[in-house]
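[1] no sequence for this one, just the structure:
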């Protein structure tokens, strides 16, 4: 059965709220900015998903360095 939406895109869309929550523990200010981006739909899903993964990685590395 063929769905009208790309499954990869759907999985990314489902993952974004959990990624935002994870980022909120590492960088609260940045997570609020990205919640606004998500809510205002000013960035494509794949771009936002990729940015969240990058932000989590960077914030996690910074936290470990401190």
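    Done, it's in. Everything numeric here is computed off the predicted structure, so don't read it as measured data. Numbering: from 1, shown residues only.
[2] rest of the way, CA atoms for contacts and neighbours
    Fine.
[3] so who does residue 27 touch?
    Under the criterion of CA atoms under 8 Å, 6 or more residues apart in numbering, the neighbours of residue 27 are residue 59.
[4] swap in residue 37?
    Residue 37 makes contact with residue 43 under the criterion CA under 8 Å, 6+ apart.
[5] got the confidence number for residue 66?
    Confidence at residue 66, expressed as pLDDT, is 74.
[6] how close does it sit to residue 60?
    In this view, residue 66 and residue 60 are 10 Å apart by CA to CA, to the nearest Å.
[7] and what of residue 39?
    From residue 39 to residue 60 the distance is 24 Å (CA to CA).
[8] residue 24 now?
    11 Å.
[9] which stretches of this structure form helices?
    Using DSSP state H, the helices found in the chain span residues 7-26, 28-40, 45-65.
[10] how many neighbours does the nearest residue to residue 22 once chain neighbours are set aside have?
    The spatially closest residue to residue 22, leaving aside those adjacent along the chain, is residue 56, at 7.5 Å (CA to CA, 6 or more residues apart in numbering). Residue 56 has 21 neighbours, counted by other CA atoms under 10 Å.
[11] please list all residues in contact with residue 55.
    Counted by CA under 8 Å, 6+ apart, residue 55 has contacts residue 23.
[12] just give the nearest non-adjacent residue to residue 60, would you?
    Using CA to CA, 6+ apart, the closest residue to residue 60 is residue 26 (6.5 Å).
[13] returning to what we had before: residue 66 and residue 60: who's more crowded?
    Each of residue 66 and residue 60 has its neighbours counted (other CA under 10 Å); residue 60 has more, 15 against 5.
[14] go ahead and flag the most central residue of this structure.
    Of all residues in the chain, the one closest to the mean position by CA atoms, centre = their mean is residue 52, 3.4 Å from it.
[15] no further queries at this time; thank you.
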